[in-house]
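Q: okay, here's the prediction I keep looking at, along with the sequence it came from:
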Amino acid sequence: MDSVTFTLGSIVLLAPVGLFTAIALPMLFGLRVSEAWVVRLTKIAIAVGFISLIGLTVTGSNQLALPLNLIIGNWVVLDSAQCHFHFRLEFVFDVLSLTFGILTFILCGVIGIFASNYMHREPGFHRFFLLFAMFLLGMTLAVFAATIESLFLGWELVGLSSALLVAFFHERVAPVENGLRVWSVYRISDAAFLIAAVVLHELRAEGEFANLTGSAGWPNGESGLTMGQASFVGLMLIVAAAGKSALIPFSGWLPRAMEGPTPSGAVFYGALSVHLGAYLLLRISPVLNQAWWLSVSLIVLGLGTATFATISGRVQSDIKSALALASLAQVGLIVAEIGLGFRYLALGHIVGHAFLRTLQLLRAPTLLRDYHGWENAIGTRISNSVQRLEIFLPTKVSTALYRWGLERGYLDHLIDGWIVRPFVGFFRRCDMVEKRWTDFLSGQPSRESDRSQSHGDGIEEL
Amino acid sequence: MFVPNLPWLELAILIPLLGSIWVRHIHRRDQARQHCLVVTVLAWIAAFLAWCEFSIRESSVGRMGWNFLTIDELSAPLFPMVSLLFVLFVLATVRTKLFQVSYSRRLLSESIVLATFASTNQVQIVVLLLLGILPPCLEYRQRNKPLGTFVFHMAIYGGLLTIACLWLSVSNVESNFRVIPTGLLMAAILVRHGIFPMHCWVTDLVENVTFGTAILFLTPMVSAYAAMRLVFPIAPIWELQWFASLSLLTAVYTAGMALVQTDQRRFFCFLFLSNSSLVWVGLATVTPIGMTGGLAIWFAAILSLSGFGLSLRAIESRMGRLSLKDYHGLYEHMPLLAGFFLLSGLASAGFPGTIGFIAIDLLFDGVNQIYPYVGVAVVIATALNGISVLKVYFRLFTGKRHVASISLGPRWTERVALLALAAMMLIAGLAPQPFLLSRFEAANELLKIRSSNQAATKLLPGPIQSAN
């Protein structure tokens, strides 16, 4: 990599880092900066990053030098005669990451400009842009990561910023509970990702994707893993991708994520975050080739998700949920395409879908207003008599499907009933046993917390 | 760096000890706090210089004829770190809590903890560990709280510790029966560490003494230090692995328990137990990488959980003990505290960019080398911890609008304490190499000591080589 491409690559990575630091530091020290300043910083950082990325793409394409590997260095090295451990910060600029990177910068730029008006004078304006910057940083790190550990870094940042933005309107309970649900699913998928990362590190002694997917550029690499190794690592990464991209059985969080502000909903769940799982699958596609059943699982998972989302999306009563599920249907198809081996088709599908869905989600609030205006103008309801497949189904089946769709496939109920409640119930029982034991040892009620008030009064009321 | 040639190690221990006697005679609480703060700051300066001296000269032993005091690769960074915690907790004590805190006892505790970290002799460590129980015990009595649970566990701990120490001192080095006193010693240390099922005293302590006392008693993890000095060099590998399994179970169990807690103090307690168990898991791998992970988590837990405890304490001093069954909506009044709460909580769960991230990564890598698939439990524990931290964040800071007629924001002293801890967590998280290298060297040093003991006793199986 020559000095020009190295500089451009570094700027692409440093722009989001600088943006996040510039917004976070004043907040950490309790300093108040103006909205205009925050917006200007966001615009400059994204513009600089985007121009550098375009420059890098042009330079790389002209020199036929793709993929370009940018090695920042070892973040951690522990070396002795007996063992060696390193965590390398290395980034790759190839067809896949450049495409996804350009998509990220364009959509974040558009949303940044949109949000500067949309969020104007909101009490959480600075918090929104802080989380937005964290998201951009996470996406950049994840997309350009050349090692699985670096990808995990970005993956986690995207997860946290997403969950906190779902809970953005945090004076109401519903967004907060939905944010926690999103976070819980993300943590499960993160755990699967971490397991895959460490197992991979163990198998290949390094976490570089080049070791996992071969040195040939994407998507022509060949994995050096055996079928058994590829099966385990691939399975863990599919679980991680399923959580991030809301594939079944984790689909329940996506409509709930729409509780957040419109700009973040558009860029996260319509365009970028929801495709990050698919991006991961594309990145590790040589591993999928190594074990046929992984590809079959992806096709089943993708088509199952698309079917579920289509049925469920048709009966939703609010526009954001309908759009979320429509988005999910497309993500399901993209995953099926990856399973079928159509990697370029899947990449193109992601790009097209991300742009379309961002536009739809940004337009959604004003569209409803326009509809009301049109209906007031013509003095009647606008007819919505599109012929649907339901008319060919028996009434009983149609009704059952309607209920199933309206309840979003009962997926949340199933997870609550089969996993969450037994889990919580078990630990509550353990807590009761512990309480009896400490009461016995103390010879009296041992827990002061049982007597603490459930509504805390401020000190000024004391 | 120039370090004046003074007995810094002894001063770091003596200053709080003498300060404890001095502060005891001050009756005005605000004055006692000020004097206590000065004493802790002086002790921290001495501890910091002792560490600097160690870094320059590669050793630091007592000078005033006190050869029994020494710090090495393992304890050197812990020494100023623990001392700093005492400074920050005294600094961040709000006026409403002035009458609940015994500054004299706090300084005594500091002196005992620092002396423990500066000890390598078996008897000396045992005596200091037993002395360390006294300050919280006195606080139980002063506050008229039921002592039963604490005394029950500490009696087992003290009894096992004393029997094991006496047995080891009279038994032959090559005796096959040494596994029994070693096991007893390890069992004692596991009780002090709060390993399942002997962890109930920790929740009881956190419930009944002042929050600051509980945090400062728990977070330095003197039991981990004692394990490294007393047990690790002589314990057979199967004993270490057996207790590591128990620790792994504790990590998952307490992470699950943290999720269902409805009181903020008990939640903190289970989060702490989950993290402290992971320290043991790493140390019991007996590989350089796993042990580095364990030592790094130890260090990370001291920083992150002390910070987490500090922010919970700040909330409690303003709002009283809050139930986690309800939402409290405090964000608007204390955004800095909310941010710090989240940062320190996620650092303890190994979030990227914080000190905990690379520590968890190393630990999992080390555990996976020795116990493939079992190491998955480490990931499950950290995933559950991450969920519970955000759940409690939402309960305390969001969900409704809290109306207050006065400012609930942190005072400048609290702000300084929080920012100092945040800076350390982030700097060590973003540039972890020097910190990890120091832990790696400490791990290698401990393995060398173990190898030489093993050669002497011929009792233990061969050293485990790293898979890499």
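A: Sure, I can see it.
Q: got the CA coordinates for stretch B:385-394 in PDB?
A: What follows is stretch B:385-394, C-alpha atoms only, in PDB (Å, rounded to 0.1, in the frame of the first residue of the first chain):
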ATOM      1  CA  ASN B 385     -23.800  -9.000  32.800                       C
ATOM      2  CA  GLY B 386     -24.200  -6.700  29.800                       C
ATOM      3  CA  ILE B 387     -27.900  -7.200  29.700                       C
ATOM      4  CA  SER B 388     -28.300  -6.600  33.400                       C
ATOM      5  CA  VAL B 389     -26.200  -3.400  33.400                       C
ATOM      6  CA  LEU B 390     -28.400  -1.900  30.700                       C
ATOM      7  CA  LYS B 391     -31.600  -3.100  32.400                       C
ATOM      8  CA  VAL B 392     -30.600  -1.300  35.600                       C
ATOM      9  CA  TYR B 393     -29.400   1.800  33.700                       C
ATOM     10  CA  PHE B 394     -32.900   2.000  32.200                       C
END
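Q: that stretch close to chain A?
A: Yes. For stretch B:385-394 and chain A, the contact criterion (CB under 8 Å from any CB of the partner chain) is met by B:386-387, B:390-391, B:394. Backbone N, C-alpha and C define where each C-beta goes, glycine included.
Q: got phi/psi on the residue lying farthest from the centre of chain B?
A: Relative to the centre of chain B, the most outlying C-alpha is that of residue B:405, 37.5 Å out, by CA atoms, centre = their mean. Phi and psi for residue B:405, reported as degrees, to the nearest 10, are phi -90, psi -10.
Q: now do the one 3 residues further on
A: Note on residue B:408: backbone dihedrals following degrees, to the nearest 10 are phi -110, psi 10.
Q: quick check: it touching residue B:318?
A: Yes. Look at residue B:408 against residue B:318 with CB atoms under 8 Å: they come within range, at 5.1 Å.
Q: the two: which is more packed in?
A: More neighbours sit around residue B:318 than around the other of residue B:408 and residue B:318, counting by other CB atoms under 10 Å in any protein chain shown; the figures are 24 against 19.
Q: SS state for the more buried one?
A: Three states are possible here, and by DSSP: H, G, I helix; E, B strand; the rest coil the one that applies to residue B:318 is helix.
Q: which stretch of helix or strand covers the closest residue to chain B within the stretch 101-250 of chain A?
A: Nearest to chain B, among the residues of the stretch 101-250 of chain A, is residue A:170, at 3.5 Å (CB to the nearest CB). Residue A:170 belongs to no helix or strand when assigned by DSSP states H and E.
Q: how about the residues of the stretch 1-150 of chain A by chain B?
A: By the criterion of CB under 8 Å from any CB, the positions of the stretch 1-150 of chain A lying close to chain B are A:27-30, A:75-78, A:80, A:82-85, A:87, A:123, A:149.
Q: go through those residues and flag which are in helices.
A: Here DSSP state H is the test, and the residues of the stretch 1-150 of chain A next to chain B give A:27-28, A:149 as lying in helices.
Q: looking at these, spot the one nearest residue B:3.
A: Comparing these against residue B:3 with CB to CB places residue A:28 closest, at 32.1 Å.
Q: helix, strand or coil for whichever residue of the stretch 1-150 of chain B sits closest to chain A?
A: Ranked by CB to the nearest CB, the top residue of the stretch 1-150 of chain B for proximity to chain A is residue B:146, at 3.6 Å. For residue B:146, the assignment made with three-state DSSP gives coil.
Q: re earlier: now render the residues of stretch B:385-394 next to chain A as TSV, adding neighbour count, pLDDT and secondary structure.
A: What follows is the residues of stretch B:385-394 next to chain A, written out as TSV (neighbours: other CB atoms under 10 Å in any protein chain shown; pLDDT from 0 to 100; DSSP: H, G, I helix; E, B strand; the rest coil):
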residue	neighbour count	pLDDT	secondary structure
B:386	26	94	helix
B:387	21	95	helix
B:390	26	95	helix
B:391	20	95	helix
B:394	25	95	helix
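Q: now stretch B:89-108: buried residues?
A: Of the residues in stretch B:89-108, those buried by neighbour count under the rule 16 or more other CB atoms under 10 Å in any protein chain shown are B:89-94, B:97, B:100-108.
Q: no, scratch that, I was asking about stretch B:277-290
A: Buried residues in stretch B:277-290, defined by neighbour count with 16+ other CB under 10 Å: B:277-290.
Q: and stretch B:142-153, by the same measure?
A: B:145-153.
Q: can you check stretch B:241-258 too?
A: Neighbour count says stretch B:241-258 has B:241, B:243-244, B:246-258 buried, by 16+ other CB under 10 Å.
Q: one more: stretch A:15-35?
A: Burial within stretch A:15-35, assessed by neighbour count using 16+ other CB under 10 Å, is assigned to A:15-16, A:18-20, A:22-24, A:26-28.
Q: sketch out the low-pLDDT regions of the stretch 351-462 of chain A for me.
A: Counting by pLDDT under 70, the low-confidence segments of the stretch 351-462 of chain A come to A:384-388, A:452-462.
Q: let me see the contact set for residue 255.
A: All of this is about chain A. Applying CB atoms under 8 Å, 6 or more residues apart in numbering or on different chains to residue A:255 gives the contacts A:316, A:320-321, A:324-325, A:408.
Q: chain B, not that one
A: Each residue near residue B:255 by CB under 8 Å, 6+ apart is listed here: B:270-271, B:274, B:380-382, B:384-385, B:388.
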